[in-house]
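> Dropping a prediction and its sequence here:
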Amino acid sequence: IVTSFTFEKFVNNTNPFEHNTIAHDDATATGKRKILLDNNLLYLEMVRRLERNGLGQITSVPHHFAHAAGAYFMSGFKDSNILVMDGRGENESTSLMEGNDGEISVIESYGSKDSLCQLYTYATHLCGLYSNIGLEGKTMGLSAYGEPEIDFSDVLLFQDNRYEINRNSMRQLIRHKTSS
């Protein structure tokens with residue numbers, strides 16, 4: 001590996017070309033489209049530069065595998081359990097993998113409809129803390145100071161050692177929304 005980077009750093013608002021994001025981040029739809037267009041152009045320019053320098057062979061890997069590989073291969077462990085959780089990859093939101101002797105295999109995964117991160121984002125929205133960039137970290141930090149008042153037992157269901165998110169029950173939580 002001569003170089004590696006994740007495409008999400010180019011298409012999200014957190015890319016290595018910090019000046020580009022800050023210059024166009026006006027939190028409007030137009031501003032967001034400008035960031036996306038500029039970052040896609042930066043990605044294509046990076047690919048062209050690699051190709052000009054004889055490094056044009058680019059291998060795409062599934063989103064969660066990229067996260068898992070970065071963690072596992074940099075950990076120094078020969079054997080490891082790997083948990084990847086984010087809003088969504090291509091189709092997955094949570095993946096449990098194992099790394100053994102330099103190989104990574106998927107043990108179990110959950111699709112985007114059962115994304116715990118999206119559920120957390122929705123909880124952040126209900127608290128009145130969500131904006132265009134999301135402030136889930138504030139929800140997490142403030143949670144230590146609160147008391148549980150909302151019952152999530154109809155939202156997060158457990159059966160046969162797996163979980164499932166009941167989206168209909170999740171939407172019913174809107175009655176608890178705090179004013180922003």
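Sure, I can see it. Residues are numbered from 1 along each chain as shown.
> Every contact and neighbour count from this point should use C-alpha atoms.
Fine.
> and the helix or strand harbouring Met170, how far from the chain's centre?
Secondary structure assignment for Met170, by DSSP states H and E: helix 167-172. Offset of helix 167-172 from its chain centre (Cα atoms, centre = their mean, to the nearest Å): 22 Å.
> Equivalent analysis for stretch 73-89, please.
14 Å.
> now that stretch: mean pLDDT?
Across stretch 73-89, pLDDT averages out at 89.
> Now the terminal residues of that stretch, how far apart.
Across stretch 73-89, the terminal residues are separated by 20 Å (Cα to Cα, to the nearest Å).
> which of the residues in that stretch are buried?
For stretch 73-89, the neighbour count (16 or more other Cα atoms under 10 Å) marks 80, 82-89 as buried.
> ok, which stretches of the chain are strands?
Ranges of strands in the chain, per DSSP state E, are 79-85, 92-100, 103-111, 156-159, 162-165.
> so which of those strands gets nearest Arg52?
Among the strands of the chain, the nearest to Arg52 by Cα to Cα is strand 103-111 (31.5 Å).
> before we move on, back to that, who are the neighbours of the helix holding Met170, in terms of helices and strands?
With contacts taken as 3 or more Cα pairs under 8 Å, 6 or more residues apart in numbering; DSSP states H and E, helix 167-172 sits against no other helix or strand.
> Just the C-alpha atoms of it, please, in CSV.
The C-alpha coordinates for helix 167-172 follow below in CSV (Å, rounded to 0.1, in the frame of the first residue of the first chain):
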residue,chain,number,x,y,z
ARG,A,167,-39.1,1.9,12.7
ASN,A,168,-42.8,2.4,13.3
SER,A,169,-42.3,2.5,17.1
MET,A,170,-39.3,4.7,16.5
ARG,A,171,-41.3,7.3,14.6
GLN,A,172,-43.8,7.3,17.5
